[in-house]
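K.L.:
got a structure for you, letters missing:
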């Protein structure tokens, strides 16, 4: 799509306009901040979720993750605990007092998670499930939109425009890799999308190096690269026992690895001029 | 995905099993037949829809198409007439007595089209919208599943497996191009997917050269190529006035072009040993 | 690249100009003809080459293939017999009196094959090895240019333009698949490239379904699809004992399979209005 | 290609082996160092080359670039000054006493540049031009191998293996983007290739954000991202008057932009534990 004719309007950057700060509970994402979202890929057991959240908090995360619904390629794969996991999420969210990010696959999931999820996430496979995006917009919660595996940046911003046109500008984008011919990584993390998005749109953009690479050994270098490229944050999986994870174990960091990465990320984010506690500074607020 | 470990079960080909015949009204798709689906990309006006259907019937189509809901990249593009077009579809369907194929974007659309649509289609962008696939399976109507822009053949068959696992084996696959680096065509029509699918699965597979190329001049050569490669049919757009079409005009054939193509396709299909009236032969039924 | 600004000149189609006929010995490729090139992927032994050539001739091939130099990803793979195979090629070429197509990897190979090869082929990995293309142009022999794995159609035509600008318009293009995310086939054969090339350029374009799919079972359907799409010919591998081939055995047809395919291709080519003996008809010559 | 069966031997990483240091003049690339290569995309005029080199040196580059031969898609595009530019290169190389990196397109170029080029570079389009790679190996100079647009990481390492098998392990890899469907950037810079290569091979790997993105605005974020991901260096274009550059002006930094980037890169490289003067430290030497 020719950039000159791009039809996104509400999410487009415009001259003299600052980049957006999206409020999530008492934290902020975007414009001058750097956010670490960490936690479980999927909610599995109370013990696993507690351990993942502890590791996330120790590492300095200001938002937690843990999905109740998993979007799986095969109907025979683990699909998430669904309603059975709501109370586990509620417990960890209360325990740490941090906002919770989780995926919804269907408009009907919104009601189910209404009391325990602070940011509703629409996954890569659903990026153009526009009915879902519109319902998320109407939920009153910030919406995180992952980039589709084969979505151009313009298509991604147009998916965000569906949310915006439905009444909400509380949108957070998340790059998680595109599909290419290279078999070494599950997807090819397109970090150049970060500065491209930041020039075309005022929306914040995070990077998910866990799902974007599919490989534990690549999470740290790519998380640091994302921060250096100017991403507004990263989202990282952690698991106390990756080998027995029910979903995506090979990409989960161990708690100690996440703690080390969190410290590195904070240093790098500060070096790039960002705040790292998820609280907007006066300077940012005035921008 | 390693073919040996492919987890699709119900849709997998197995030794000694014939390829499936899917019944649609009094017509059949698959195993030994060749189906021409033709008609409108989108339902626009009574006159346009009537002209598109006449052209389809003249060309020998045994199923008609015309969508009420369009899955558009931009929220500001024409989204289809929705409920306002139902009566138009009903009229043309009665007039010609042929089965109607149309896309649904959301489970709630199923009820709306229940009386006028014979095959519910799930589009490329929704190929992994599994809640929609499951609801389609439960609708009692055959389900056509387009291949996602970046879906591997295994992922496509696993999407079909979601339908099968929900209780319906009345599934028709439709190749419509994958996303590559080549800008000359809107997508790259992957015709090798036809014989690959036919080796891995018993399900019929059609090809959509209109959406797969995005260009009128390429529809005829690629439709013929699809037939020669063994596809169980093709689906083609026609429009009386492509220049004023509200959606995808550049790919629509003119009525005369479709008539010429239909005649060529019948010859080629017969040459490849298939029947072309959509009625299963005794030999096929016994297979 | 914007088609309006495409800088190819000598190879571009222009109004009122007929499509090119390239003379190869006493045969022709292009404009109104359909050519079957068949034979060995690589020259291995006198017996293997003789058997492959016999199978090709039985199947109706009007040009033979058999490479002395193989372009292998690994330095430890079989690289071709080189000079040791020249006499074997000479013998089969004399025996059948048909033109021979073979790859050159380096300008220095041109002299070595000067007496036994009638069409010099530049492979996909060398499509932009412009020094080689220029030397081929100066060799006085027709040049076959395979499309690079990641070459756009415009880049392919510009590679041909390098040959044309060096003084030769005896150019034959050959589609052999592009690199995509799909793992089921070695490459994704882009058959829509055939009509696109034929609209942009007057040059003939063949299709190689053997290298383009990498799989014996896919060669016949894709060869037929290429003919139906209007390709000016196909190039197919055959081997008397594929399981012991030193190169690309899994894609080689058995002699009987090739004979069956050749008969089908002739019928289909005649149905599409082409001559199949490689001899231009008067009508074509006057065009 | 299955990693377990990867046939590269000489370039493969092995347990207990340190990563390679490649000596270039009195500088080193790899293992514990971070190298900034900067200068002109193409040698154009004495004034332009002098200004580009000054800017590179001011920015802290420890190697200079400036090509005499350009590998252009079109035969009608600027192909480089060739022999006419050799003296210009010689002059700037003497003036600053730094090693010079330049591309060769053909084995015959090696003699021409023998006295003025310290690292011979094989471009993306020639990555599998194995005759050229073998000749480069025999030149006695370190060889820089850019990744092909559609080369897998394994194919890239196997291209390096061709050099190694020809007798030289003085090899530097350079990632410069792969071809994907995304049109916002000229290529998609695959930064995850950096840690993947560093796990599979002992060879150093640089990143070229200028050619990899094609856009000035993206060079700084992607150069910083490369350094954070652990790349052994970056290679950046600079031009005193990008608007009038004969080649790739839109991606060239202005001298002031390069100076700012160089300072940021040094800080980041030191933060990641690397030395930045191109001189191996005692610790590295012992490693």
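P.N.:
Arrived safely, thanks for sending. Every value quoted in this text rests on a predicted model; they were computed, and no experiment measured them.
K.L.:
Figure out the helix or strand that the residue in chain A positioned nearest to chain B lives in.
P.N.:
At 3.2 Å from chain B, residue A:150 is the closest residue in chain A, using Cβ to the nearest Cβ. For every residue, glycine as well, the C-beta is placed using N, CA and C. Assessed by DSSP states H and E, residue A:150 sits outside every helix and strand.
K.L.:
That one against residue A:178, yeah?
P.N.:
Yes - between residue A:150 and residue A:178 there is a contact at 6.6 Å, judged by Cβ atoms under 8 Å.
K.L.:
what residues are shared contacts of these two?
P.N.:
residue D:181 (Cβ atoms under 8 Å, 6 or more residues apart in numbering or on different chains).
K.L.:
residues in the stretch 151-287 of chain A within reach of chain C, list them.
P.N.:
A:179-181, A:183 (Cβ under 8 Å from any Cβ of the partner chain).
K.L.:
rerun that using 6 Å as the cut-off
P.N.:
A:179, A:181 (Cβ under 6 Å from any Cβ of the partner chain).
K.L.:
wait, does the longest helix seen in chain A contact chain D?
P.N.:
In chain A, with assignment by DSSP state H, the single longest helix is helix A:255-271. No - between helix A:255-271 and chain D, judged by Cβ under 6 Å from any Cβ, nothing touches; the nearest distance is 6.7 Å.
K.L.:
Mind listing what's buried along that helix?
P.N.:
A:255, A:257-259, A:261-262, A:264-266, A:268-269 (16 or more other Cβ atoms under 10 Å in any protein chain shown).
K.L.:
Now do that helix: which elements does it pack against?
P.N.:
For helix A:255-271, the contact count by 3 or more Cβ pairs under 6 Å, 6 or more residues apart in numbering or on different chains; DSSP states H and E identifies helix A:46-58, helix A:216-229 as packing neighbours.
K.L.:
which one among the buried residues of helix A:255-271 gets closest to residue B:136?
P.N.:
Closest approach to residue B:136 among those (Cβ to Cβ): residue A:258, at 40.9 Å.
K.L.:
I'd say that closest one and residue A:55 touch.
P.N.:
Yes - with contact defined as Cβ atoms under 6 Å, residue A:258 counts as touching residue A:55 (5.2 Å).
K.L.:
Pull up the overlap in contacts between these two.
P.N.:
residue A:238 (Cβ atoms under 6 Å, 6 or more residues apart in numbering or on different chains).
K.L.:
List of residues touching the lengthiest strand in chain A?
P.N.:
Ordering each strand of chain A by length in residues (DSSP state E) puts strand A:35-42 first. Residues from elsewhere that reach strand A:35-42 (Cβ under 6 Å, 6+ apart): A:29, A:49, A:52-53, A:56, A:59-67, A:70, A:80, A:101, A:233, A:235-238, A:247-248, A:278.
K.L.:
all helices for chain A, in order.
P.N.:
A:46-58, A:86-96, A:107-113, A:130-138, A:153-165, A:193-200, A:209-213, A:216-229, A:255-271, A:282-286.
K.L.:
Could you list which residues are in contact with residue A:7?
P.N.:
Contacts of residue A:7 by Cβ under 6 Å, 6+ apart are B:74, B:76.
K.L.:
do you know how far the closest residue to residue A:210 other than its chain neighbours is from chain D?
P.N.:
Nearest residue to residue A:210, sequence neighbours excluded (Cβ to Cβ, 6 or more residues apart in numbering or on different chains): residue A:237, at 4.1 Å. The gap separating residue A:237 from chain D is 16 Å, by Cβ to the nearest Cβ, to the nearest Å.
K.L.:
what's the pLDDT at residue A:237?
P.N.:
Looking at residue A:237, its pLDDT stands at 97.
K.L.:
wait, it sits on residue A:252?
P.N.:
Yes - with contact defined as Cβ under 6 Å, residue A:237 counts as touching residue A:252 (4.5 Å).
K.L.:
Mind checking which of those two has more residues around it?
P.N.:
residue A:237 (28 against 25; other Cβ atoms under 10 Å in any protein chain shown).
K.L.:
show me the contacts for that one.
P.N.:
Residue A:237 is in contact with A:41, A:210, A:251-252, counting by Cβ under 6 Å, 6+ apart.
K.L.:
change it to 7 Å
P.N.:
By Cβ atoms under 7 Å, 6 or more residues apart in numbering or on different chains, the contact set of residue A:237 is A:41, A:210, A:248, A:251-253.
K.L.:
which regions of the stretch 51-200 of chain A lie under the pLDDT threshold?
P.N.:
Under the criterion pLDDT under 70, no range of the stretch 51-200 of chain A is flagged.
K.L.:
Write out the residues of it neighbouring chain B.
P.N.:
Selection of the stretch 51-200 of chain A residues close to chain B by Cβ under 7 Å from any Cβ of the partner chain yields A:71, A:73-76, A:105-106, A:125-126, A:128-129, A:131, A:149-150, A:155, A:158, A:161-162, A:165, A:179.
K.L.:
now the residues you listed: which count as buried?
P.N.:
A:71, A:73-75, A:105-106, A:125-126, A:128-129, A:131, A:149-150, A:155, A:158, A:161-162, A:165, A:179.
K.L.:
Mind listing the strands the longest strand of chain A pairs with, and their directions?
P.N.:
According to DSSP bridges, strand A:35-42 forms sheet pairs with strand A:63-67 (parallel), strand A:233-237 (parallel).
K.L.:
Report the angle between the last one and helix A:46-58.
P.N.:
Okay, so that is strand A:233-237. Calculated by axes from the mean of the first three to the mean of the last three Cα atoms, to 10 degrees, strand A:233-237 forms an angle of 150 degrees with helix A:46-58.
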